[in-house]
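>>> Just a sequence and a predicted model for now, questions to come.
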Amino acid sequence: MSDQAAADRSVAELIKLHFAEFTAAEKRTARALVADYPAVGLGTVTQLAERASVSSATIVRFAQSLGFDGFREFQDRLRHELGTREDSALSQALRRESASGSVKVGTLAASQRAFTEGIERTFDSLRDDEVRQLVSWLADPKLRITARGGLYSGLLAQHLVKELLLFRPNVLECPRDPVELATQLVDTGAKTDVWVVFDFRRYTTETERIVRQAKSHGARVALITDRWLSPIAAIADVVMSCRVEANGPSDSLVPGLALVEGLCELAVEQLGDAGIARLRQIDPLRTALESGIREDS
């Protein structure tokens with residue numbers, strides 16, 4: 001690529017970085033690509049042009065706008081991403097072992113650098129308009145916020161709920177019980193519900209199925225994913241990507257947690273006095289309840 005600074009970014013990250021600079025036709029191309037990422041970009045120039053309803057020349061210019069020398073280099077990046085987005089802790093551990101001869105114990109300094117860089121790159125990739133949109137939803141107590149995550153990313157969903165509940169009502173984690181979930185989906189409405197979904201590589205089919213149901217009932221969807229994009233990006237209203245690479249073989253939730261904290265801080269700031277008034281009610285009651293539990297034990 002001509003821009004070495006962009007050499008480690010995914011195509012999805014590059015789209016976010018350059019989106020405001022695109023022509024109208026290039027924006028249509030970007031949306032078509034994100035709607036079926038990355039598979040739709042692996043066909044011919046003509047196929048992608050038909051999918052986006054643009055000319056073949058626009059597709060070539062689109063690839064060049066992202067910093068690639070041409071469409072072939074653009075596709076090479078996508079093919080590389082196909083393998084990377086399926087990486088597991090095992091595959092990453094085996095690759096490290098093959099490269100070094102063994103899995104060696106590193107240092108905390110190396111982890112610190114990886115976490116710090118992950119947070120910086122995550123925040124640098126955010127689009128201001130999407131941040132403002134999601135924060136406005138999180139700060140609107142009339143909206144019901146439902147958070148959903150996977151086996152590990154569920155921790156981020158739980159943290160979002162705990163952070164916001166202190167300052168506003170109508171925040172819950174997606175029910176796991178099928179009856180409760182079905183009831184909530186039936187009650188979902190276009191003017192009442194926002195789903196905040198966490199889905200990272202080796203994406204969860206169950207989560208996608210549930211979110212598509214919520215979307216079909218009118219919910220707005222904010223997706224927090226990795227730089228290779230969960231399939232849920234095709235239906236999400238807001239998409240934010242996190243750097244998940246870590247110093248060790250397992251992906252890191254640290255950048256995602258930092259993003260959740262930052263979004264909640266902005267939402268609390270926007271809630272203002274109403275959020276503090278709610279906290280004034282909750283805090284003494286929580287103290288009284290905790291004291292009663294300690295006495296009982």
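Looks like it arrived, so ask away.
>>> Am I right that V194 falls within a strand?
Yes: the assignment for V194 (DSSP: H, G, I helix; E, B strand; the rest coil) places it in a strand.
>>> Could you give the bridge partners of it?
Counting by DSSP bridges, V194 is bridged to I145, R220.
>>> What does the pLDDT read for it?
With respect to pLDDT, V194 scores 97.
>>> can you pull the contacts of it?
For V194, the contact set (CB atoms under 8 Å, 6 or more residues apart in numbering) comprises 137-138, 143-146, 219-222. (Each C-beta comes from the backbone N, C-alpha and C, glycine too.)
>>> Following element in sequence after the helix or strand E50 falls within, please.
Assigned by DSSP states H and E, E50 falls within helix 45-52. Next in sequence after helix 45-52, counting helices and strands by DSSP H and E, comes helix 56-65.
>>> follow-up on the earlier one: for the helix holding E50, which helices and strands make contact with it?
helix 24-35, helix 56-65 (3 or more CB pairs under 8 Å, 6 or more residues apart in numbering; DSSP states H and E).
>>> Break this protein down into its domains, please.
4-84, 128-285 (automatic domain parsing).
>>> Looking at the helix holding E50 now, give me its mean pLDDT.
Across helix 45-52, the average pLDDT comes to 94.
>>> quick one: low-confidence ranges for the stretch 101-250 of the chain?
Within the stretch 101-250 of the chain, the stretches with pLDDT under 70 are 101-106.
>>> Going along the chain, name the helices of it.
Using DSSP state H, counting those that start in this stretch, the helices of the stretch 101-250 of the chain run over 108-124, 128-138, 154-165, 178-187, 205-216.
>>> highest average neighbour count across those?
Comparing those by mean neighbour count (mean count of other CB atoms under 10 Å), helix 154-165 comes out on top with a mean of 19.
>>> Name the surrounding residues that touch that helix.
Here helix 154-165 makes contact (CB under 8 Å, 6+ apart) with 138, 145, 147-149, 171-174, 196, 198, 224, 253, 256-257, 260-261, 263-264, 267.
>>> Show me the residues you listed that map onto strands.
Mapping these onto strands (DSSP state E) picks out 145, 147-148, 171-173, 196, 198, 224.
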